[in-house]
Every structure is written in structure tokens, then in C-alpha cells.
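Peer 1: fold the following, please.
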Amino acid sequence: MNDGTVLLPWFVIRQDDNGNRYRVGRYATKAEAQKIADSLDDRGHKQLYSIERLSPNGSGR
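Peer 2: Numbering: from 1, shown residues only. Below is the predicted model of the structure:
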């Protein structure tokens with residue numbers, strides 16, 4: 001990108017007990033996002049953590 005912005009196409013998503021989903025972080029690589037999601041998941045809380053890639057049209061799915 002030439003405009004000086006950093007592309008962070010990988011999201012860490014948290015899903016709570018009620019099915020609500022929240023973006024909790026954006027990362028440059030899939031490996032980085034997965035590492036964070038795994039570390040959050042290892043805490044043993046009921047929330048589910050997953051990763052998603054930003055689609056070409058700008059949405060998180």
C-alpha cells in the first residue's frame with residue numbers, strides 16, 4: 001500500500017454464551033491471529049475465540 005496505512009486483514013473474534021460476536025483484535029498474519037486466539041482460548045473461559053480474514057469487499061466474513 002502506498003498511502004502509508006497498514007493492512008491488518010486477520011481478525012480475532014470472540015463469541016459469548018449468547019452467540020454474540022465481537023472483534024477483539026486485528027493482525028497482519030494468520031499465524032499471529034491464531035496465536036492470540038489460542039492464548040485467549042487457553043484461559044478456560046466459556047467464550048469461543050476464532051479467526052476470520054477480511055474479505056476483499058471489506059467485511060469480516
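
Peer 1: SS state for the most centrally placed residue in the chain?
Peer 2: Closest residue to the average C-alpha location of the chain: residue 12 at 1.6 Å, with CA atoms, centre = their mean. Assigned with DSSP: H, G, I helix; E, B strand; the rest coil, residue 12 falls in the strand class.

Peer 1: which residues does it bridge with?
Peer 2: residue 25, residue 51 (DSSP bridges).

Peer 1: so it makes contact with residue 25?
Peer 2: Yes. Between residue 12 and residue 25 a contact is recorded at 4.4 Å, counting by CB atoms under 8 Å. No exception for glycine: its C-beta is placed from N, CA and C like everyone else's.

Peer 1: between those two, what contacts are shared?
Peer 2: 33, 36 (CB atoms under 8 Å, 6 or more residues apart in numbering).

Peer 1: in the protein, which ranges drop under the pLDDT threshold?
Peer 2: Per-residue confidence for the chain (pLDDT under 70) gives these ranges: 1-6, 56-61.

Peer 1: helices of that one, start to end?
Peer 2: Shown for the chain, the helices assigned by DSSP state H span residues 30-41.

Peer 1: what's the local residue count around residue 29?
Peer 2: 11 (other CB atoms under 10 Å).

Peer 1: correction: residue 35
Peer 2: Counted with other CB under 10 Å, residue 35 comes out at 14.

Peer 1: look up how far residue 19 lies from it.
Peer 2: 25 Å (CB to CB, to the nearest Å).

Peer 1: and if you look at residue 38?
Peer 2: Residue 38 is 21 Å from residue 19, by CB to CB.

Peer 1: more neighbours, the two?
Peer 2: Taking other CB under 10 Å, residue 38 and residue 19 do not tie; residue 38 has more neighbours (12 against 7).

Peer 1: which ones are touching the more buried one?
Peer 2: Counted by CB under 8 Å, 6+ apart, residue 38 has contacts residue 49.

Peer 1: again, but for residue 17
Peer 2: Contact analysis of residue 17 by CB under 8 Å, 6+ apart lists 46-47.

Peer 1: ditto for the one 5 residues further on
Peer 2: If a contact means CB under 8 Å, 6+ apart, then residue 22 has 13-16 as its contacts.
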